[in-house]
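A.B. asks: what shape does this take:
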Amino acid sequence: QVQLVESGGGLVQAGGSLRLSCAASDGTFSRLAMGWFRQAPGKEREFVVCISWKGGTTYYADSMKGRFTISRDNTRNTVYLQMNSLKPEDTAVYYCAASPKRLSDISWYTGGAYDYWGQGTQVTVSL
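C.D. replies: So this is what the prediction gives:
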């Protein structure tokens with residue numbers, strides 16, 4: 001059982017930046033595809049970005065391209081989400097997720113493709 005713990009959320013003004021972290025308990029982290037999703041109040045959960053086992057492949061939701069950057073450090077069992085130029089519409093609870101399968105073998109843009117989830121971290125962007 002993989003446990004994921006997100007951190008780094010908070011309140012930031014529009015145009016600001018935050019870096020989220022997601023630490024995994026499992027020693028097989030280097031063989032986990034990792035994703036970030038978010039859910040705003042009253043809205044469905046949406047895909048943000050994902051990254052392959054070794055970090056060589058990433059996929060972004062269109063609205064995050066150029067503003068968000070995902071990375072991973074397999075020596076620290078941690079995946080990061082650097083968020084720049086934040087907008088009020090980025091306000092949501094952000095969740096990290098993990099799959100033991102390769103990105104090429106899953107529908108990485110859907111939550112159902114991931115087996116493990118963190119508890120989420122709140123990001124609030126004010127005007």
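A.B. asks: hey, what's the most centrally placed residue in the chain bridged with?
C.D. replies: The centroid of the chain falls nearest to residue 36 when counting by Cα atoms, centre = their mean (2.2 Å). As for beta bridges, residue 36 partners with residue 49, residue 96 under DSSP bridges.
A.B. asks: OK, contacts around it?
C.D. replies: 20, 22, 48-50, 70, 79, 81, 94-97 (Cβ atoms under 8 Å, 6 or more residues apart in numbering). Just so you know, the C-beta spots here come from the backbone N, C-alpha and C atoms, and that holds for glycine as well.
A.B. asks: distance between stretch 27-35 and the chain's centre?
C.D. replies: 13 Å (Cα atoms, centre = their mean, to the nearest Å).
A.B. asks: how close does the residue nearest to the centre of the chain get to residue 90?
C.D. replies: 12 Å (Cβ to Cβ, to the nearest Å).
A.B. asks: ok so, going back, which of the contacts of residue 36 sits closest to residue 119?
C.D. replies: residue 95 (7.9 Å; Cβ to Cβ).
A.B. asks: so what pLDDT did residue 1 get?
C.D. replies: Per-residue confidence (pLDDT) for residue 1: 87.
A.B. asks: what about it, neighbour count?
C.D. replies: Neighbourhood size, residue 1 [other Cβ atoms under 10 Å]: 6.
A.B. asks: now for it: which residues touch it?
C.D. replies: 26, 116.
A.B. asks: quick check: the residue nearest to the centre of the chain vs residue 60, distance?
C.D. replies: Applying Cβ to Cβ, the value for residue 36 to residue 60 is 10 Å.
A.B. asks: shared neighbours, the two?
C.D. replies: Shared contacts of residue 36 and residue 60 (Cβ under 8 Å, 6+ apart): 48-49, 70.
A.B. asks: thanks a lot, see you next time.
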